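Chemist: Next come a sequence and a model predicted from it.
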Amino acid sequence: MRPKFSVYRLINVNDILKQSVTDVKGIGDEMAETLADMSIRSVGDLLEYFPYRYEDYRLKDLAEVKHDEKVTVEGKVHSEPSLVYYGRKKNRLTVRLLVGRYLIIATFFNQPYLKQKISVGETITVTGKWDQHRQTITANQMSSGEHAKSQDFEPVYAVKGKMTVKTIRRLIKLGFSQFGHEIEEILPAELLQKYKLLSRRDALRIMHFPSGADEMKQARRRFVYEEFLLFQLKMQSLRKIEREQTPGIEVSYQLDKLKGFISGLPFPLTGAQKRVVNEILGDMKSPYRMNRLLQGDVGSGKTVVAAIALFAVKTAGYQGALMVPTEILAEQHSLSLTQLLEPFGVKTALLTSSVKGKRRRQILELLKQGEIHVLIGTHALIQDEVDFDNLGLVITDEQHRFGVEQRRVLREKGESPDVLFMTATPIPRTLAITVFGEMDVSVIDEMPAGRKTIETYWAKHEMLDRVLSFMEKELSKGRQAYVICPLIEESDKLDVQNAIDVHSSLSVYFQNRYKIGLMHGRLHSEEKDQVMKAFSENEVQVLVSTTVVEVGVNVPNATVMLIYDAERFGLAQLHQLRGRVGRGSDQSYCILLADPKSEVGKERMKIMSETNDGFVLSEKDLELRGPGDFFGKKQSGLPEFKVADMVHDYRALETARNDASLLVQSAAFWQGEKYRSLRDYLRETGALASEKLD
């Protein structure tokens with residue numbers, strides 16, 4: 001089940017449609033109880049109880065039907081039907097049919113009574129699954145005589161308890177005949193005309209009583225757009241109110257100094273970095289508090305963007321803070337930011353739980369006095385004893401690794417500082433604009449020049465010896481390698497390579513030649529840091545690890561990433577792991593050791609071998625896994641839609657977001673009569689208090 005954000009409910013503008021479902025003639029109290037179990041309580045709920053699929057009974061030419069496809073055919077009975085009994089109370093009825101130029105067999109299981117209804121020479125219609133190889137249909141439905149046109153395209157509804165699909169169809173028909181004329185339009189005329197959308201009344205009618213697939217697609221298109229627009233209006237309105245009610249800092253950075261800093265960087269900015277820097281600087285200069293998510297693939301140069309923002313805030317007399325999830329990552333960020341900022345007079349400091357005693361007291365004192373301009377660290381930054389003199393910018397890296405509360409505490413160390421979240425996990429655009437609808441999203445979608453593409457290969461387990469000899473060749477050049485495993489110890493349930501076993505076998509394989517390290521989630525953070533430090537200083541040449549190594553670690557000398565049982569990982573995670581190599585000037589390699597049984601597993605390996613673009617991968621991952629699995633079951637933030645699908649309808653989602661953004665920024669939306677229905681929606685869903693409207 002997908003995680004819930006706000007269960008989306010299509011709006012009934014007209015109060016008549018809010019009446020009890022018992023006001024529909026033919027629905028009594030007992031029936032109303034059954035309907036209530038299906039969340040149908042009002043007339044509007046009934047009319048908006050959409051089918052989840054449609055049965056297509058249109059006749060097709062068998063030449064165009066694919067193997068295993070559901071099909072309806074009309075044919076002449078060619079021979080007497082044959083009925084065979086087998087097992088206890090089981091039977092099979094077969095009949096030969098002449099369908100066009102095909103002589104096929106229709107098979108019915110456990111429907112012996114049909115034998116009396118079938119005569120040689122008569123025309124019958126059957127529906128079922130087509131087996132192209134055997135030229136048979138496993139049928140589940142049959143009717144005699146001419147194919148009934150009214151049954152060509154039938155809606156199928158989700159039902160509970162004693163309710164049947166046939167009954168819910170009948171009840172919706174009753175509801176429509178009595179109240180259908182009360183359905184009113186809520187979208188403004190210009191949007192209906194712009195996108196050639198059906199009226200709300202027509203679209204609702206067609207969703208339940210379509211004459212065919214084409215008509216149904218038009219009705220669905222109307223509701224996909226409506227759902228996305230209403231959701232995005234809610235998000236954009238919340239964002240507008242939030243911004244206007246939360247005063248920010250107008251950061252008056254010194255442009256000349258900033259230009260000098262950027263031109264003094266050891267490498268030129270990419271076009272994407274320039275665009276993102278301008279978006280961030282625009283936010284900092286505005287009177288509103290920045291609330292921006294910065295996405296950038298592994299190695300795309302987010303740290304440099306962070307350095308520019310931190311330098312800008314310092315030139316305006318404010319301090320900056322960068323919070324990261326692990327000590328080793330904090331150390332790496334501290335090293336690179338110090339090299340970039342200190343030559344320009346920006347004093348940086350590192351604060352983690354390892355910084356103790358006199359050094360710690362000294363940092364805290366200098367920070368309070370404003371002598372430290374940029375503080376980098378782990379969650380140690382949010383301890384009570386940490387006091388800033390004038391905090392103006394808060395940056396959190398890999399923000400999903402921190403709790404909401406931790407991020408809030410850091411924000412409150414200053415007076416409404418600007419907030420920038422950074423992530424190297426490419427979030428599909430469709431999810432970014434839905435889940436992070438109240439945030440501005442910036443994307444670095446371009447890699448720095450001269451960066452070598454990591455070569456990715458998919459190898460089967462029987463090729464392990466060849467893979468290890470390739471790895472040894474790289475190690476002999478003075479390089480290093482990661483080996484990733486899905487589990488820590490052996491499991492009876494899962495036949496996958498585990499870190500402890502792999503560490504043992506590689507220690508034997510590379511005996512007396514190379515040192516093999518082991519890292520996994522059960523080690524204490526100090527032990528993990530020790531192992532990682534030994535690897536980053538080349539005291540360990542091969543690091544066997546579980547996925548704890550995936551975020552942020554920078555070892556430029558590592559050129560091989562070997563992933564055991566790679567089919568057990570999602571594309572996003574595989575891409576994160578691959579990004580641990582390719583950080584130096586040498587060619588790097590990622591080898592996926594996998595024998596996937598499923599088609600999805602094979603597809604993942606193929607996609608990984610073909611592209612290095614994290615955003616392309618994240619979109620593919622979303623298609624293969626679905627939104628709920630992409631974030632994990634416990635992650636909240638995904639809205640549920642009745643009709644719309646975030647993955648397949650992403651173009652409509654982007655269109656609706658742009659339209660919602662323009663509407664919310666216009667005065668006419670907040671006061672004009674023609675937008676009253678949309679404002680009513682915002683009130684009904686509790687997105688805004690009524691006094692904030694009109």
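Modeler: Good, I have the coordinates. Numbering: from 1, shown residues only.
Chemist: low pLDDT regions in the stretch 1-150 of the chain?
Modeler: 1-15, 144-150 (pLDDT under 70).
Chemist: can we see that at 50?
Modeler: 1-13, 147-150 (pLDDT under 50).
Chemist: quick one, strands of it?
Modeler: 53-56, 70-77, 82-86, 90-99, 102-109, 123-131, 136-144 (DSSP state E, counting those that start in this stretch).
Chemist: Which of these sits closest to Glu244?
Modeler: Checking the strands of the stretch 1-150 of the chain against Glu244 by CB to CB gives strand 53-56 as the closest, at 43.7 Å. Placement of C-beta: from N, CA and C, glycine included.
Chemist: dump the residue contacts of Val298.
Modeler: 424, 575-576, 578-579, 614 (CB atoms under 8 Å, 6 or more residues apart in numbering).
Chemist: Mind pulling up the pLDDT for it?
Modeler: On pLDDT, Val298 comes in at 73.
Chemist: distance of it from Ala667?
Modeler: Per CB to CB, to the nearest Å, Val298 is found 44 Å from Ala667.
Chemist: Contacts only, for Glu55.
Modeler: Counted by CB under 8 Å, 6+ apart, Glu55 has contacts 127, 153-156.
Chemist: 10 Å instead, please
Modeler: If you count contacts by CB atoms under 10 Å, 6 or more residues apart in numbering, Glu55 has them with 70, 72, 127, 141, 151-156, 165.
Chemist: Report the buried members of these.
Modeler: If you count burial by 16 or more other CB atoms under 10 Å, the buried members of these come out as 72, 127, 152-155.
Chemist: From these, pick the one nearest Leu293.
Modeler: Pro155 (39.6 Å).
Chemist: For the residue nearest to Val84 when sequence neighbours are not counted, the count of nearby residues, please.
Modeler: In space, Val84 comes closest to Arg92 once its chain neighbours are excluded; the distance is 5.1 Å by CB to CB, 6 or more residues apart in numbering. If you count neighbours by other CB atoms under 10 Å, Arg92 ends up with 15.
Chemist: Show me the one of the strands of the stretch 1-150 of the chain that comes nearest Leu340.
Modeler: strand 53-56 (55.9 Å).
Chemist: Please identify the buried residues of the closest one?
Modeler: Here strand 53-56 shows 54-56 as buried, counting by 16+ other CB under 10 Å.
Chemist: Parallel or antiparallel, list what pairs with that strand.
Modeler: strand 153-156 (antiparallel) (DSSP bridges).
Chemist: Just give me how far the partner strand sits from the chain centre.
Modeler: 30 Å (CA atoms, centre = their mean, to the nearest Å).
Chemist: Could you point out the helix or strand that follows that strand?
Modeler: Downstream of strand 153-156, the next assigned helix or strand under DSSP states H and E is helix 165-179.
Chemist: Next secondary structure element downstream of the strand or helix carrying Leu431?
Modeler: Assessed by DSSP H and E, Leu431 sits inside helix 429-435. Per DSSP H and E, the first helix or strand lying C-terminal to helix 429-435 is strand 440-444.
Chemist: Now the phi/psi pair for the nearest residue to Glu185 once chain neighbours are set aside, please.
Modeler: Among residues not flanking Glu185 along the chain, Arg200 sits closest, at 5.0 Å (CB to CB, 6+ apart). Phi and psi for Arg200, reported as degrees, to the nearest 10, are phi -60, psi -40.
Chemist: Over to the one 4 residues further on?
Modeler: As for Leu204, its main-chain torsions (degrees, to the nearest 10) stand at phi -60, psi -40.
Chemist: that older thread, would you list the buried residues of strand 53-56 in a markdown table and tack on distance to Ser353?
Modeler: Output for the buried residues of strand 53-56, formatted as a markdown table (distance: CB to CB, whole Å):
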| residue | distance to Ser353 |
| --- | --- |
| Tyr54 | 59 |
| Glu55 | 62 |
| Asp56 | 63 |
